[in-house]
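Student: 3D, please:
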Amino acid sequence: MAAGAGVGGIELLPWPRVDFGKFGPVESKPLSRIKKISGANLHRNWVMIPHVTNHDEADITELEAFRIQLNQEIEKSGVRVSMLAFMIKAAAATLKQFPSSTPRWMATIWSSSSTTTSASPPTRPTA
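Tutor: The predicted structure is shown next:
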């Protein structure tokens, strides 16, 4: 494939040639087979798979106060609750509420769960 030729209809500019020697001594080492294969696949996936970033703002003043109070109550147990616990709980609740966003493998996890919590696979509406 010629330099700059793309995959899947995407044409990429050729990589610029940079003389890194001007920043100091440079040592070149050959890449291992796995690094060569991984690098090509990672680059292809980065270019071909859509990436989405979403930023929202939320007032978590009350949640943070609750977290601090909870940590004070359980201080003697040696366990501390971080904000991550609440984020995971919110993500799980969202995936249950919007099952079309839930990957197929998550239903497998829910169906094989041995716990008696409400972590059952979401039901999908039949059309």
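Student: Give me the neighbour count for the residue nearest to Phe20 when sequence neighbours are not counted.
Tutor: Leaving aside its chain neighbours, Phe20 sits nearest to Val26 (5.1 Å; criterion: Cβ to Cβ, 6 or more residues apart in numbering). For glycine as for every other residue, the C-beta is placed from the backbone atoms N, C-alpha and C. Val26 has 9 neighbours, counted by other Cβ atoms under 10 Å.
Student: 32 is where my numbering starts, stick with that
Tutor: Understood, numbering begins at 32; the last thing we discussed is Val57.
Student: mind checking which helix or strand Val57 is in?
Tutor: According to DSSP states H and E, Val57 maps onto no helix or strand at all.
Student: Which stretches in the chain count as helices?
Tutor: Under the criterion DSSP state H, helices of the chain are mapped to 64-79, 92-104, 114-128, 135-142.
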